[in-house]
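[1] 3D model of this:
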Amino acid sequence: MPRKSEQTTRQCLVTRDIRTKDEMIRFVLAPDDSVVPDLKMRLPGRGVWVTARMELVQQAAQKGLFARGFKQKVTLPDRLAELVAEQLELGCLSALSMARKAGQIVTGFAKVETAIAQGSAIGLIHASDAAEDGQKKLAQVVRRHLGSDGELPLVRRFSAEALSTALGQGNVVHGALLAGSAGKAVRNQVARLDAYLQPDIRDSDSGQDDRHAADAS
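    Coordinates of the predicted model:
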């Protein structure tokens, strides 16, 4: 049994690499034997795990690896890899909503500028359709207060409409995440989505001899 300070690992269905659970996507079988992503890792039943990269989920589906992993015939939903991406996006937007309720996000150019100046901002949010001028001005504010090499994690995946809906406000173009667990949760969720959508890049010498059997789900 792993110690509390250690992260439990699982084996990827595709690459056979051993990774921590937070680097992976868990899949389970629904009562109708369809494959269901379990992003929160809470659904009952035996799970199989795939490294959280879109192209690896696609490979698992295309090569019939889910049937092999579950040791039975399974039904795959159309566009399974895209479905996972959509659910990850919804998780990000939900985290933004929670950050608003926790008071750990501010919106509007002036409030974002103030948060940067006060050192309370832990990340910036720009709508994907925001004008370049506003983004450049806030980048200058960051450099002015954090130094020439200063930067803050940036979220720029969602449209102004999507941000406005998630935050329950009109015309959200710029925002700042503030220190606290809810603000950090947004950063973590967005980082997970970013990683999922990136091409899978694995070390060519990733330690084949060091791999071991995965823990039971």
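[2] could you look up the next helix or strand downstream of the longest helix along the chain?
    For the chain, the longest helix by residue count, based on DSSP state H, is helix 80-101. Proceeding C-terminally, helix 80-101 gives way to strand 105-107 as the next helix or strand, assigned by DSSP states H and E.
[3] give the rounded mean pLDDT of that next one.
    Confidence over strand 105-107 (mean pLDDT, whole number) is 97.
[4] give me the distance from that strand to the chain's centre.
    20 Å (Cα atoms, centre = their mean, to the nearest Å).
[5] could I get the following helix or strand past it in PDB with only the CA atoms?
    Per DSSP H and E, strand 105-107 leads on to helix 109-118 as the next helix or strand towards the C-terminus. Presented in PDB, the C-alpha positions along helix 109-118 are these (Å, rounded to 0.1, in the frame of the first residue of the first chain):
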ATOM      1  CA  PHE A 109      -9.000  45.400 -17.200                       C
ATOM      2  CA  ALA A 110      -8.700  47.800 -14.200                       C
ATOM      3  CA  LYS A 111      -9.300  45.100 -11.600                       C
ATOM      4  CA  VAL A 112      -6.900  42.700 -13.300                       C
ATOM      5  CA  GLU A 113      -4.300  45.500 -13.400                       C
ATOM      6  CA  THR A 114      -4.800  46.100  -9.700                       C
ATOM      7  CA  ALA A 115      -4.500  42.400  -8.800                       C
ATOM      8  CA  ILE A 116      -1.200  42.200 -10.700                       C
ATOM      9  CA  ALA A 117       0.100  45.400  -9.000                       C
ATOM     10  CA  GLN A 118      -0.900  44.000  -5.600                       C
END
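[6] list of residues touching the helix or strand following helix 109-118?
    For helix 109-118, the succeeding helix or strand toward the C-terminus, using DSSP H and E, is strand 121-126. Taking contacts as Cβ atoms under 8 Å, 6 or more residues apart in numbering, the residues outside strand 121-126 that touch it are 96, 105, 107, 112, 115, 134-135, 138, 142, 152-156, 163, 172-179, 183-184, 186-187. The C-beta positions use only the backbone N, C-alpha and C, and glycine is treated the same way.
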